[in-house]
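Trainee: 3D, please:
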Amino acid sequence: MSDSTITIIAIFVAAILMFIFPLMAMSDRTDDMSQLSVQTATTEFVDNVRTTGVLSLNNYQKYVDSISATGNNYEVEMEAQILDENPGKKTTQTQSTKIGENVYYSQYTSQIMDELNKNSKGTYTLKEGDFFSASAKNTNATISQQLKSAFYKVTGNDTYSISAKHGGIVTVTGTK
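Mentor: Prediction:
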């Protein structure tokens, strides 16, 4: 009787070692490849906006399509920090090039998308000195997250494993 119990336990352990752990390793590698793809696409998207000074609806859609190609759903957030045109109005020193006197105001994803959809050309124009950043994080549970949740109980509902963020200063004033 004890030999059959040990045999059943050995078969169960062998099945876990032969199937579950390799599946977890492969799903982790898939998440790693998705992470790399999303980070690369985010960097290229932001750098394109920074070097041209223009965010177009077409470029945004290409970015969303490229990160969605990984098979996951993503929440994309953008932020444009606009350099105020009149930074020294309340000061005695009105040089906008002095450090510490530049004033920025932020526009976020919903405001940027409203501008893109409202504009007849479908563009959002930035000027030299503005900051632009974008981030993406997955909203669905990947196979790796589901397996880890089932076996390790380490992931919660609001965690994500694939995310990317990139930003920087706009180097050229875009044309309208």
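
Trainee: got the buried residues for the longest helix along the chain?
Mentor: Using DSSP state H, we find that the single longest helix of the chain is helix 21-52. By neighbour count on 16 or more other C-beta atoms under 10 Å, the buried set for helix 21-52 is 24, 27-28, 30-31, 34-35, 37-39, 41-43, 45-46, 49-50, 52. Where C-beta positions appear, they are placed from N, C-alpha and C, glycine not excepted.

Trainee: What's the first helix or strand after it?
Mentor: strand 54-56 (DSSP states H and E).

Trainee: Parallel or antiparallel, list what pairs with that following strand.
Mentor: With DSSP bridges as the test, strand 54-56 is paired with strand 123-125 (antiparallel).

Trainee: sorry, back to before: gap between the longest helix of the chain and the chain center?
Mentor: 9 Å (C-alpha atoms, centre = their mean, to the nearest Å).

Trainee: likewise stretch 113-125?
Mentor: Relative to the centre of its chain, stretch 113-125 is centred 21 Å away, using C-alpha atoms, centre = their mean.

Trainee: and that stretch, how far apart are its ends?
Mentor: 12 Å (C-alpha to C-alpha, to the nearest Å).

Trainee: Name the residues that touch stretch 61-69?
Mentor: Ser37, Val38, Ala41, Thr42, Phe45, Tyr74, Val76, Ala134, Ala136 (C-beta atoms under 8 Å, 6 or more residues apart in numbering).

Trainee: One more: stretch 19-27?
Mentor: So stretch 19-27 is contacted by Thr142, Ile143, Ser144, Leu147, Lys148, Phe151 (C-beta under 8 Å, 6+ apart).

Trainee: 10 Å instead?
Mentor: Here stretch 19-27 makes contact (C-beta atoms under 10 Å, 6 or more residues apart in numbering) with Thr142, Ile143, Ser144, Gln145, Gln146, Leu147, Lys148, Ala150, Phe151, Tyr152.

Trainee: Grab the nearest non-local neighbour of Phe131.
Mentor: Of all residues not flanking Phe131 in the chain, Gln81 sits nearest, at 3.9 Å (C-beta to C-beta, 6 or more residues apart in numbering).

Trainee: next one: the strand ranked longest in the chain to chain centre, how far?
Mentor: Taking DSSP state E as the criterion, the chain has its longest strand at strand 74-83. Mean C-alpha position of strand 74-83 versus that of the full chain (C-alpha atoms, centre = their mean) differs by 10 Å.

Trainee: In its sheet, which strands sit next to that strand, and in what direction?
Mentor: Applying DSSP bridges, one finds strand 74-83 paired with strand 104-108 (antiparallel), strand 131-138 (antiparallel).

Trainee: of all the contacts of stretch 61-69, which comes closest to Ile162?
Mentor: Taking C-beta to C-beta as the measure, Ile162 lies nearest Val38 of the contacts of stretch 61-69, at 5.8 Å.
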